[in-house]
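Peer 1: Just the structure for this:
(2 chains)
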Amino acid sequence: MKEFLEGSRTVARTVRLCRPGVIAAYPITPQTHIVEDLAQMVADGELDSQFINVESEHSAASVVLGAVAAGVRAFSATSSQGLLLMAEVIFNIAGMRLPLVIVNANRAVSAPINIWNDHQDSVTVRDAGILQFYAENNQEVADLVLLAYRVGEDPKISLPALVCMDGYILTHGHEVVDIPEQKQVDKFLPEFQPVVKLDPENPETMGYLGTPEIYMETRYALQETMLEALEVITSASQEFERIFGRALPPFYEAYKLEDAERAIVAMGSVAGTIKEVVDEMRQEGQKVGLLKLITYRPFPADALYEALENVPEIAVLEKAISMGAFGPVYTDLKASFQGKEAAPKISGFVIGLGGRDVSKDSIRRVFEELRGPQTPAKFMDVKTELVTA
Amino acid sequence: MKEIRIHARAGQGAITTAQLLGMAAFAQERYAYAFPHFGAARMGAPMNSFVRIDDKEIRLRSQVYEPDYVLVVDATLMRGFDVLSGLKPGGAVIINEREDVPNPEARDGANIYSVPANKIAQEVLGRPLGNTVLLGAFAAATGEIELEALNKAISERFAGKVAEGNIEAAKRGFDYIKENYAKD
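Peer 2: Residues are numbered from 1 along each chain as shown, chains lettered A, B, ... in the order given. Presented below is the predicted three-dimensional model:
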């Protein structure tokens, strides 16, 4: 049913439909409304789930780890420093092959302390073995939560997933969303059947010592599974459309890309602003387009190559940077084109850190910059007068 | 697409005001995107909320730079800040007036509506929270939302006596514009 809802509430309502048995989270801005709503639902008896209060995000992640290990569907949500504090546990959750969903309300990391949006928090845990999806709008956040459970819990995959939504812009943004029926969700997301679980009748040990004789094989298996997840994501996205009647593209959304001479690659809500600019510039006769990256981990390298190989000039626009190097998506995309003939000119741009607003003008400037020399990591909208030597 | 910028201090209900506007637009089967922007993220600090209203899905995620309409919840914010900044020519500003703060001079064909919203709210609600009065005034001044849709939004957002009071407050704001700013 279509409703006008806050993004955080949209997430809480969707998570309720997923029937998690355990929820643990520690409040942190701008994620807080999500778990407040879920706590309220549990307290009001609208959601049959154990809501476990914890003293930190490290504990929250540990609690959901334990819950999934015991065979129960679990959920958590966090932001920024909270995700970084979870990082140690997230590597464990992935290594132990425990599927669960964490929603990350994307927020800049300290210092200086900053509560506003960028993507530095989630891209920093990209190497953990956790699937990562990025949403443009609140409908997509809800849809990706469903997809994330479905893919992560697939017995072939059995991995955690991080669904990323831009802090404030989406978490605190109210907009029209279509919340599915319980029946539909139950069909898409049947009861969780863990591959292995802790069971007193059949004792198992999880996350035990991995000596040099076996450790490398566990990491190899994780990498292989991540790549296999690309297929599972594709089939889950087809099933999603069949059940819910709306498309959820598996890896990316191409917007006016076919004949584009210049295109931006970007993740998250900024894609909406870029679409507006693309439409305006198309009206002016400029052949520009957008590739909105939805699935960041696993990185759909082949699909992106095919989608972009005929675009001469590409800007990777990121709300994050690997300090001393490049934007993380830029690096991945460049690697996808490495050694290919007539590869596009790919430039990297860093934008919107710590909530610096990304206006339509900023996006136009990025398209303009593409006409100039290739640039690996250009910061946009920087007030150079504030930067001292 | 119509864009609205709301000026308030954190804690004065700017988010709820934006939300109600969006809900009212949705009640009229339109699309809306209502979102806050916090400055210092503490009570009393100046902050904005924004609303976009359109007949199609709203994709633009930036802040609002050239609003069609401006709502001023707290007139003291006009000391040292030009609430008309960026206003589209012929746009409207609706101000929760205060005797000790002069209203800005109209320019570029802007329509300035001065409403004793807190005074009206004090009478109706027993508290000087003029937000829904301003929304009623907005409905009358701009025609972007119908009073009925606003009432629907208020009764979805609030319950019981609070809803009733705010529906009355919105009506008083609506009537105030109709009585004091009659079109010739």
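Peer 1: where does the stretch 251-389 of chain A come near chain B, residue by residue?
Peer 2: Residues of the stretch 251-389 of chain A found near chain B (CB under 8 Å from any CB of the partner chain) are A:Ser269, A:Val270, A:Gly272, A:Thr273, A:Lys275, A:Glu276, A:Asp357, A:Val358, A:Ser359, A:Lys360. No exception for glycine: its C-beta is placed from N, CA and C like everyone else's.
Peer 1: Of the residues you listed, keep whichever come out buried.
Peer 2: Using 16 or more other CB atoms under 10 Å in any protein chain shown as the burial test, those include A:Ser269, A:Val270, A:Gly272, A:Thr273, A:Lys275, A:Glu276, A:Asp357, A:Val358, A:Ser359, A:Lys360 as buried.
Peer 1: give me every residue that touches the second one.
Peer 2: Residues counted as contacts of A:Val270 (CB atoms under 8 Å, 6 or more residues apart in numbering or on different chains) are A:Asp166, A:Leu317, A:Lys319, A:Ile351, A:Gly352, A:Val358, A:Ile363, B:Arg61.
Peer 1: how about a cut-off of 10 Å?
Peer 2: Residues in contact with A:Val270, defined by CB atoms under 10 Å, 6 or more residues apart in numbering or on different chains, are A:117, A:119, A:136, A:166, A:169, A:264, A:290, A:292, A:317-319, A:351-352, A:358, A:362-363, B:61-62.
Peer 1: quick one: which of the residues you listed sit in helices?
Peer 2: Assigned to helices by DSSP state H, the following of these qualify: A:Ser362, A:Ile363.
Peer 1: The contacts of A:Val270, buried ones only, as a PyMOL selection?
Peer 2: With 16+ other CB under 10 Å as the criterion, this PyMOL line picks the buried residues out of those:
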select buried, (chain A and resi 117+119+136+166+169+264+290+292+317+318+319+351+352+358+362+363) or (chain B and resi 61+62)
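Peer 1: need the helices for the stretch 151-300 of chain A, in chain order.
Peer 2: A:182-188, A:215-244, A:270-283 (DSSP state H, counting those that start in this stretch).
Peer 1: Kindly compare burial across the ones you listed and name the winner.
Peer 2: helix A:270-283 (a mean of 20; mean count of other CB atoms under 10 Å in any protein chain shown).
Peer 1: which of the residues of the stretch 251-389 of chain A next to chain B sit farthest apart?
Peer 2: The span of those, defined through CB to CB, is set by A:Lys275 and A:Asp357 at 17.0 Å.
Peer 1: For chain B, what's the nearest residue on the stretch 1-150 of chain A?
Peer 2: A:Phe4 (3.9 Å; CB to the nearest CB).
Peer 1: Within the helices and strands, which one has that residue?
Peer 2: strand A:2-6 (DSSP states H and E).
Peer 1: mind listing what that strand pairs with, with the direction of each?
Peer 2: Strand A:2-6 has the following sheet partners, assigned by DSSP bridges: strand A:174-178 (antiparallel).
Peer 1: any idea how chain A splits into domains?
Peer 2: Following automatic domain parsing, one finds the domains of chain A at A:2-244, A:252-386.
Peer 1: Look up the pLDDT of A:Thr29 for me, please.
Peer 2: We have a pLDDT of 95 for A:Thr29.
Peer 1: of the residues of the stretch 251-389 of chain A next to chain B, closest to B:Ala159?
Peer 2: A:Ser269 (32.1 Å).
Peer 1: Pull the contacting residues for that closest one.
Peer 2: A:7, A:106, A:117, A:134-138, A:140-141, A:165-170, A:173, A:319, A:352, A:358, B:59-62.
Peer 1: okay, it: pLDDT?
Peer 2: Confidence score, pLDDT, at A:Ser269: 98.
Peer 1: swap in B:Ala40?
Peer 2: So B:Ala40 comes in at 69 (pLDDT).
Peer 1: How much space separates the residue nearest in space to the middle of chain B from chain A?
Peer 2: By CA atoms, centre = their mean, chain B has its centre lying nearest to B:Leu71, at 4.1 Å. According to CB to the nearest CB, to the nearest Å, B:Leu71 and chain A sit 16 Å apart.
Peer 1: Assign that residue to helix, strand or coil.
Peer 2: strand (DSSP: H, G, I helix; E, B strand; the rest coil).
Peer 1: residues in contact with the closest residue to it other than its chain neighbours?
Peer 2: For B:Leu71, ignoring the flanking residues on the chain, the nearest one in space by CB to CB, 6 or more residues apart in numbering or on different chains is B:Ile6 at 4.6 Å. Residues near B:Ile6 by CB under 10 Å, 6+ apart: B:12-15, B:17-18, B:21, B:34, B:36-37, B:47-51, B:64, B:67, B:69-73, B:94, B:131, B:134, B:138.
Peer 1: So which of those residues belong to strands?
Peer 2: Of the positions in the contacts of B:Ile6, B:34, B:36-37, B:47-51, B:69-72, B:94 sit in strands, assigned by DSSP state E.
Peer 1: ok, the residues you listed vs A:Met206, which is closest?
Peer 2: B:Pro36 (42.7 Å).
Peer 1: Chain A contacts on chain B?
Peer 2: B:1, B:15, B:18-27, B:29-38, B:41, B:49-52, B:57-63, B:65, B:153, B:156 (CB under 10 Å from any CB of the partner chain).
Peer 1: Only whichever of the residues you listed are buried, select them in ChimeraX.
Peer 2: Typed into ChimeraX, the line below selects the buried ones among the residues of chain B next to chain A, using 16+ other CB under 10 Å:
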select /B:15,18,19,20,21,22,23,24,25,26,27,30,31,32,33,34,35,36,37,38,49,50,51,52,58,59,60,61,62,153,156
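Peer 1: Now distance to B:Ala169 too, for the residues of the stretch 251-389 of chain A next to chain B, in JSON lines please.
Peer 2: As requested, those are exported to JSON lines (distance: CB to CB, whole Å):
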{"residue": "A:Ser269", "distance to B:Ala169": "34"}
{"residue": "A:Val270", "distance to B:Ala169": "38"}
{"residue": "A:Gly272", "distance to B:Ala169": "34"}
{"residue": "A:Thr273", "distance to B:Ala169": "35"}
{"residue": "A:Lys275", "distance to B:Ala169": "38"}
{"residue": "A:Glu276", "distance to B:Ala169": "36"}
{"residue": "A:Asp357", "distance to B:Ala169": "33"}
{"residue": "A:Val358", "distance to B:Ala169": "37"}
{"residue": "A:Ser359", "distance to B:Ala169": "35"}
{"residue": "A:Lys360", "distance to B:Ala169": "36"}
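Peer 1: mind listing what the residue nearest in space to the middle of chain A touches?
Peer 2: Nearest to the centroid of the C-alpha atoms of chain A, with distances taken as CA atoms, centre = their mean, sits A:Phe133, at 2.7 Å. A:Phe133 makes contacts with A:101, A:122, A:140-141, A:143-145, A:147-148, A:151, A:161-165, A:233, A:248, A:251, A:267, A:293-297, as judged by CB under 10 Å, 6+ apart.
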